[in-house]
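J.: please find the sequence and the predicted model below.
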Amino acid sequence: HDISYTSIAHLRYLHSRGFIVCIATGRSAFATSQIIYKLDLDYSYSSASSDRNISSDSSSNSINGFPLVCTNGAKGLCIEKNLDANHDNVNDNTATTNPITDGRQRSTQLFHNPVPLELTIKTLALAKSIGCVTNYYLNHDVYAQPTLDWHYEAIQRYANLTGVKFTYCKDDYSTAIQKGLSSKLLILCKTEDIDSVYSQVSKELGDVAKVIRGSPPFFVEILHKDVCKGNGLEKMCDTLGVDLGECISFGDGHNDIEFIQMSGLGIAMKNAVDSLKGVADDITEYSNNDDGVVRMLQQLEKSGKLHFQK
C-alpha cells in the first residue's frame, strides 16, 4: 500500500486544524512506518511530558508522536521521528531501508495483547498438520518455517504485499517463542484452499481466539480472543483522551467490522467487502486507489459535519 500526495496534503491540513490522524491496520509497525514517515505530522506539541513510558491508563492523555494501532489491534505504538538521525537525501519513493530499522523513527509501546502461549502452540501445530506455514510476529521481525516450495512462494507474495522481512527458522519457532509472544499469528495457505482453511481454523480455535479471513484471500489470522481493531482503537482513544464517539473511521476488510461499528462515524470504502458495507454508517463514492478517504472527508467538511477546534 502507498499514500498519494493528495491524501498527504489533506491529512496535513486536517491535522493543522486540530484533527488527530491515526492509522489502524492489520499490518505491523515495520510495514506501516514508511507511510507515517511520508505523512510527517508534528505531534510534538500535544505532549506536556517527554516521558516515553506511556500506558493506556496514563493520566497525561497525550503522546509524543504518531498514534498507530497495528497487528489488528493487538498493539498500540507511538511513532516518533528521530531528530538525531540523518534524514538528508532520503527519497520517500525510492528508499530501500525502513524508517524504524534505520533509525529515522523510533517507537514507544502503549499497549500490547499478544497471542497466549497455549494458543500459540495449538495454532502452530494445527497449521503444520494441514500443511501450511505460519508467520510469527515479534516486534519488527517476522519468523517463518517453510518446508514446501509453495510455502516460499506464499511468503514471497506476502513480503511483496506488505514489505516485511522474514527470518527463517528450523526449530519449530522455539527460539522465537523464547524471545517473546507473537502479536498475531498468520497462517499462509493456497488461495484455492482459503475457505477450507478458514473453516477448519475457526472450528478448532474459534472458541479461544479471534480468527480473521485474510484479504487478499491467501492467509488466516489468529489473535488473542479479545483483540480486534475496534478494541485497539478504544485503547488508543483512552491514551489520547478522545471520546470514541468523536472518531471517524474508514475500512475495507473483514477485520474492520468492529472498528467501524465502535466509531462515532464508521465509513466503508467503495471497494470494501459486503459484510463491512452492511454495518457501516456510510460508503465512500470512491475507492482506496482514488483517494476515497480524503474525498469523503472533504464532503463532510463541506456539509458542516466536521467540527474544528476554535
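T.: Sure thing, it's come through.
J.: the helices in the chain, which residues?
T.: Assigned by DSSP state H, the helices in the chain fall at 5-16, 29-39, 117-129, 149-162, 174-179, 194-205, 229-240, 257-262, 274-277, 292-302.
J.: against which helices or strands is the longest one packed?
T.: Spelled out, that is helix 149-162. strand 133-138, strand 185-188 (3 or more CB pairs under 8 Å, 6 or more residues apart in numbering; DSSP states H and E). The way it works is simple: take the backbone N, C-alpha and C, and place the C-beta from them, glycine included.
J.: ok, now the fifth one?
T.: For helix 174-179, the elements it packs on are strand 133-138, judged by 3+ CB pairs under 8 Å, 6+ apart.
J.: what is the mean pLDDT for the strand it packs on?
T.: For strand 133-138, mean pLDDT rounds to 97.
J.: in the protein, what spans have low per-residue confidence?
T.: Residues of the chain that meet the criterion pLDDT under 70 lie in 1, 45-62, 88-96.
J.: 80 instead?
T.: Low-confidence segments of the chain (pLDDT under 80): 1, 44-63, 85-96, 309-310.
J.: one step back: a markdown table for the helices and strands packed on helix 149-162, including distance to Glu285 and mean neighbour count?
T.: Formatted as a markdown table, those follow (distance: least, CB to CB, whole Å; neighbours: other CB atoms under 10 Å):
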| stretch | distance to Glu285 | mean neighbour count |
| --- | --- | --- |
| strand 133-138 | 35 | 24 |
| strand 185-188 | 32 | 25 |
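J.: in JSON lines, list those strands along with distance to Ile23.
T.: Listed next are these as JSON lines, based on distance: least, CB to CB, whole Å:
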{"stretch": "strand 133-138", "distance to Ile23": "17"}
{"stretch": "strand 185-188", "distance to Ile23": "19"}
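J.: between these, which gets nearest to Asn98?
T.: Of all those, strand 133-138 sits nearest to Asn98, with 15.1 Å by CB to CB.
J.: paired strands for that closest one, with orientation please.
T.: Partners of strand 133-138 in the sheet, by DSSP bridges, are strand 141-144 (antiparallel), strand 185-188 (antiparallel).
J.: would you check that Ile20 makes contact with Asp243?
T.: No: in this structure, Ile20 is not within contact of Asp243 by CB atoms under 8 Å, at 11.7 Å.
J.: the two: which is more packed in?
T.: Ile20 (18 against 9; other CB atoms under 10 Å).
J.: how much space separates the more buried one from Leu11?
T.: According to CB to CB, to the nearest Å, Ile20 stands 11 Å off from Leu11.
J.: check Lys165 too.
T.: In terms of CB to CB, Lys165 sits 27 Å off from Leu11.
J.: and these two? Which one has more around it.
T.: Higher neighbour count among Lys165 and Leu11: Leu11, with 18 against 13, using other CB under 10 Å.
J.: so what's that one up against?
T.: 21, 39, 41, 294 (CB atoms under 8 Å, 6 or more residues apart in numbering).
J.: tell me how far the last one lies from Gly278.
T.: In this case it means Val294. 24 Å.
J.: which one's more surrounded, those two?
T.: A side-by-side neighbour count of Val294 and Gly278, using other CB under 10 Å, places Val294 first with 21 against 10.
J.: now that one: closest residue in space, sequence neighbours ignored.
T.: His10 (4.1 Å; CB to CB, 6 or more residues apart in numbering).
J.: that's all I had, so thanks and see you.
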